[in-house]
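Visitor: Got a sequence here, can you build the structure:
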Amino acid sequence: MKISIKADVKEATKYLDKLQKKHIPFAIMLALNKTVKDTFPEVAERSKNHLSIKKAYLLKQAYYVGKATKTNLSASIRVKDRQWEMLKPHILGGKRKKKRSEDILGYYYAPAFQRKKGVSGAEIQKILSDLALSRDSRQNTKQGTAARYFVMRRDETRTRGRDKPMIWERSGKNINPVLSAISDPSYNKVFPLTEIQTELARKYFKTNMEKKLRYALMTARENQR
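Guide: Okay, the predicted model is just below:
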């Protein structure tokens, strides 16, 4: 997010003389940084109304602040690149980037329909090991050892003439589906992050600019004594 300062600065500074206007960049810098600080927790709180608890927590942890300086009068709230790739489809809509494990398997996947729980990161790693797909070959299940997970294609999953693979788990004498290959997932926009950030920036900036301008002018007068 970048905060627009043009309209508010013009209104707040129209009665200043030339000498006073020299201190405007300092006041703007302070106001922008205070606005980002004010906006930050409220954006994180509002995300809980739009995203799952897990994704809202991820967003909160992924934020970082770009502070304004006197030579760069632009402050921002950003999302770290790695987390942004995970959250972008929920914020902008559209397709998501493949997870590392999906790149290795060669397809998008989701927990099998029959499965009543998700699939943990540790379980995904074990699946890759059993399929001899770990990036570190030393982590692959040794040959001759019974693998817990395996791939099997089912006729009823045929789409456009191709079988969609499913990953299964051996459990005693039974086998249970764990992951199903899926078509490229597409998401609707559910969290209007940019709109919320812009709204909050406008809400806080004017008041912050007036306060910081008074502070800058007061500091300047004290320094002149």
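Visitor: drop to CA atoms for contacts and neighbour counts, all remaining ones
Guide: Will do.
Visitor: Where is the longest helix in the protein?
Guide: Ranked by residue count, the top helix of the chain under DSSP state H comes out as helix 193-224.
Visitor: Mind listing what's buried along that helix?
Guide: Neighbour counts over helix 193-224 (16 or more other CA atoms under 10 Å) mark 193, 196-197, 200-202, 204-206, 208-210, 212-213, 216-217 as buried.
Visitor: what separates residue 102 from residue 108, distance-wise?
Guide: Relative to residue 108, residue 102 is positioned 5 Å away (CA to CA, to the nearest Å).
Visitor: between the two, who's got more neighbours?
Guide: residue 108 (19 against 14; other CA atoms under 10 Å).
Visitor: Can you tell me which helices and strands the longest strand seen in the chain packs against?
Guide: As assigned by DSSP state E, the longest strand anywhere in the chain is strand 174-182. Secondary-structure packing of strand 174-182 (3 or more CA pairs under 8 Å, 6 or more residues apart in numbering; DSSP states H and E): strand 108-111, strand 165-171.
Visitor: which one of the ones you listed lies closest to residue 186?
Guide: Closest approach to residue 186 among those is made by strand 108-111 (11.4 Å; CA to CA).
Visitor: what would the helices and strands packed on strand 174-182 look like in CSV with distance to residue 149?
Guide: Output for the helices and strands packed on strand 174-182, formatted as CSV (distance: least, CA to CA, whole Å):
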stretch, distance to residue 149
strand 108-111, 14
strand 165-171, 5
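Visitor: got the residue ranges for the helices in this structure?
Guide: 6-13, 18-21, 24-47, 53-62, 81-92, 100-105, 121-130, 193-224.
Visitor: Look at residue 3 and report its pLDDT.
Guide: If you check residue 3, the pLDDT there is 47.
Visitor: and the gap between residue 113 and residue 178?
Guide: Taking CA to CA, one finds residue 113 at 9 Å from residue 178.
Visitor: quick one, which of the two is more surrounded?
Guide: More crowded of residue 113 and residue 178, by other CA under 10 Å: residue 178, with 26 against 11.
Visitor: Quick check, that one in contact with residue 167.
Guide: Yes - contact criterion CA atoms under 8 Å: residue 178 and residue 167 qualify, at 5.6 Å.
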